[in-house]
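**Student:** Below: sequence and its predicted model.
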Amino acid sequence: MLPIFSVFTLVILGALTNALPAIRRLSTSCDLSSARLQVPAGQAQLVAPTYAPSFIGIGVGTQNYTCNTTSSAYRLIGAVAEIFDSSCLYGTPAFDSAPTIVYDAWSAAPPDATVNEVITTLACLHNPAVLGQHYYVPNPVGSGLSPKWDFTSSGVTAGNPNAYVIGVKVGDLSSSNSNNIDNLMVKAIEGELASEIFRVETNGGQPPSQCAAGDSNITVKYTAQYWFF
């Protein structure tokens, strides 16, 4: 019987190989000079830059929640994800569908795989290349927690101590699918990796609508496309 790391790896790579046969390796060497983020018309929450991004990646991980006992609803307490480079997909038919393809594979991962086991497995993959990690840290300029994208140990930015960004949400647009987390526009408050980050093409990540006092914290699988400007 294959170990759980191997099973999960085969699920991810098998889905990508079958759906994206022309893609041998996702790499930051691919040209993004013509890439432009398209956002839905008729809304003001997300304002796309008119210039090219530095990176485009697919986040694979979990949104993490705790039960707010005063409202009987789950409250976000962070996220854990690996960010895979999807630069070479831009301009291909697979670009917009890739987050959904990966989400289907992620959802099919063995139910007894823990978050740490899965993240460790993904970090060891070289195809597609890992750009970095996404998680939450204490807000450096206020209270609470803030999202962080950390590219200091992976990809072309490995070894650069400033290749990270901590951000604050400045725009929020609900997905048309109630199971998917919102699309976001985030502004940097610390770090030099990017000045703006957009989370779009989301899949999954929403918690159940209600909880009860004493319920355990939960993790909900998700994928999303991230644009770094």
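**Tutor:** Done, it's in. This structure is a prediction, so every number in the text was calculated from the model and none was measured.
**Student:** can you list the weak-confidence ranges in this structure?
**Tutor:** For the chain, applying pLDDT under 70 flags the ranges 1-29, 113-128.
**Student:** cutoff 80 now
**Tutor:** 1-29, 105, 111-129 (pLDDT under 80).
**Student:** List the residues that contact the residue nearest the centre of it.
**Tutor:** What sits nearest the mean C-alpha location of the chain, by Cα atoms, centre = their mean, is residue 59, with 2.4 Å. Shown in contact with residue 59 (Cβ atoms under 8 Å, 6 or more residues apart in numbering): 81-84, 134, 199, 222-226. To be clear about C-beta, it is placed using only N, CA and C from the backbone, and glycine gets the same treatment.
**Student:** Now tabulate those residues in CSV and tack on distance to residue 185, secondary structure and neighbour count.
**Tutor:** Listed next are the contacts of residue 59 as CSV, based on distance: Cβ to Cβ, whole Å; DSSP: H, G, I helix; E, B strand; the rest coil; neighbours: other Cβ atoms under 10 Å:
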residue, distance to residue 185, secondary structure, neighbour count
81, 18, strand, 26
82, 22, strand, 23
83, 17, strand, 27
84, 21, strand, 26
134, 16, strand, 24
199, 8, strand, 24
222, 18, strand, 25
223, 18, strand, 27
224, 13, strand, 31
225, 13, strand, 24
226, 12, strand, 27
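**Student:** What segments of this structure are strands?
**Tutor:** 55-68, 73-85, 130-138, 145-150, 164-173, 183-190, 196-204, 218-228 (DSSP state E).
**Student:** Out of those, flag the one nearest residue 41.
**Tutor:** The closest of those to residue 41 is strand 164-173. By Cβ to Cβ, the value is 11.7 Å.
**Student:** what pairs with the closest residue to the residue nearest to the centre of the chain other than its chain neighbours across the strands?
**Tutor:** In space, and not counting its chain neighbours, residue 59 is closest to residue 81: 4.3 Å by Cβ to Cβ, 6 or more residues apart in numbering. Beta-bridge pairing for residue 81 (DSSP bridges): residue 61, residue 134.
**Student:** Just confirm residue 81 contacts residue 57, I think it does.
**Tutor:** No: Residue 81 is beyond contact range of residue 57, at 9.6 Å (criterion: Cβ atoms under 8 Å).
**Student:** Tell me how far residue 203 lies from residue 59.
**Tutor:** 10 Å (Cβ to Cβ, to the nearest Å).
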